[in-house]
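Student: one predicted model, sequence on top.
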Amino acid sequence: MALIHIPILAFLFSFLGSEAGVFTLQNKCRETIWPAILTAAGKPQLMEGGFQLKPNETIDIIAPKGWSGRFWGRRYCSFDTSGNGMCITGDCGGKLKCNGAGGTPPATLAEFTLDSPMDFYDLSLVDGYNMPVSIFPFGGSGTCKAIKCLANLNKRCPRGLELKNKGRVVGCKSACLAFNKPEYCCSGDFNSPSKCKPTSYSKAFKASCPLAYSYAYDDASSTFTCQGANYLIMFC
């Protein structure tokens, strides 16, 4: 899938309005990935929710003002000509085009809420990890910090959290997914910042990716803002 050229972007901006934003997705992995998108309720779906991206390919995606949602990378996928199949990590109901379906964890998430009134964005490991992801804002004002999760957590995944395929670790589950206990899920009696604290598992995630959410209430060091930016989302 080729990069959308500037004249086409200019036309789309004129159609959508100057306050639209651009997400640029770039595959820096050695193998093909299948990015997926889940849009928040009431917001327009982008790219029908999923597509293929070969190594070193880049694609620009136009998002309207106020868009909110998440991106993640799917790995080790196989689809037929009708778009049916599966991915070993990040699968969304066995479809190439997720069309509103969420991803099966573990998956590294890039999350955005635009124009609220600032842009809020983060990388999240709350649903676990399957590949390195980075976010680079450009063209905006404010702090606009680049955030990266470049560590290979599949190689240092805490024991008991590994997702394996044919003996190889292909993802690192969250402790919530692996053990389904309230203290790991921040649920039940632990459903508040004062009661749900970092665990040895979330601390291991935080040590590898200090700027990413490591558990549900990890807001202070993991939420970032910018104003009027476009965003490069880099996989690997």
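Tutor: Structure received. Numbers count the residues shown, from 1 in each chain.
Student: so residue 131 is in contact with residue 73, correct?
Tutor: Yes: the pair formed by residue 131 and residue 73 meets the contact definition of C-beta atoms under 8 Å, at 5.1 Å. Every C-beta, even on glycine, is put in place using the N, C-alpha and C of the backbone.
Student: quick check: the gap between residue 199 and residue 211.
Tutor: Spatial separation of residue 199 from residue 211 under the definition C-beta to C-beta, to the nearest Å is 19 Å.
Student: what ranges do the strands span in this structure?
Tutor: For the chain, strands defined by DSSP state E occupy the ranges 21-27, 34-39, 58-63, 68-79, 85-89, 109-113, 119-124, 133-138, 147-149, 162-165, 168-172, 224-226, 230-235.
Student: put together JSON lines for these, with mean neighbour count and distance to residue 179 on each row.
Tutor: Formatted as JSON lines, the strands of the chain follow (neighbours: other C-beta atoms under 10 Å; distance: least, C-beta to C-beta, whole Å):
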{"stretch": "strand 21-27", "mean neighbour count": "21", "distance to residue 179": "33"}
{"stretch": "strand 34-39", "mean neighbour count": "24", "distance to residue 179": "25"}
{"stretch": "strand 58-63", "mean neighbour count": "18", "distance to residue 179": "36"}
{"stretch": "strand 68-79", "mean neighbour count": "21", "distance to residue 179": "22"}
{"stretch": "strand 85-89", "mean neighbour count": "20", "distance to residue 179": "19"}
{"stretch": "strand 109-113", "mean neighbour count": "22", "distance to residue 179": "20"}
{"stretch": "strand 119-124", "mean neighbour count": "22", "distance to residue 179": "19"}
{"stretch": "strand 133-138", "mean neighbour count": "20", "distance to residue 179": "24"}
{"stretch": "strand 147-149", "mean neighbour count": "20", "distance to residue 179": "22"}
{"stretch": "strand 162-165", "mean neighbour count": "15", "distance to residue 179": "13"}
{"stretch": "strand 168-172", "mean neighbour count": "20", "distance to residue 179": "14"}
{"stretch": "strand 224-226", "mean neighbour count": "20", "distance to residue 179": "29"}
{"stretch": "strand 230-235", "mean neighbour count": "21", "distance to residue 179": "28"}
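Student: dump the residue contacts of the closest residue in space to residue 97 that isn't next to it in sequence.
Tutor: Once flanking residues are discounted, residue 97 sits nearest to residue 48: 4.0 Å by C-beta to C-beta, 6 or more residues apart in numbering. Shown here is residue 48, whose contacts under the criterion C-beta atoms under 8 Å, 6 or more residues apart in numbering are 97-99.
Student: then residue 205?
Tutor: Residues in contact with residue 205 (C-beta under 8 Å, 6+ apart) are 125, 129, 153, 172, 212, 214-215.
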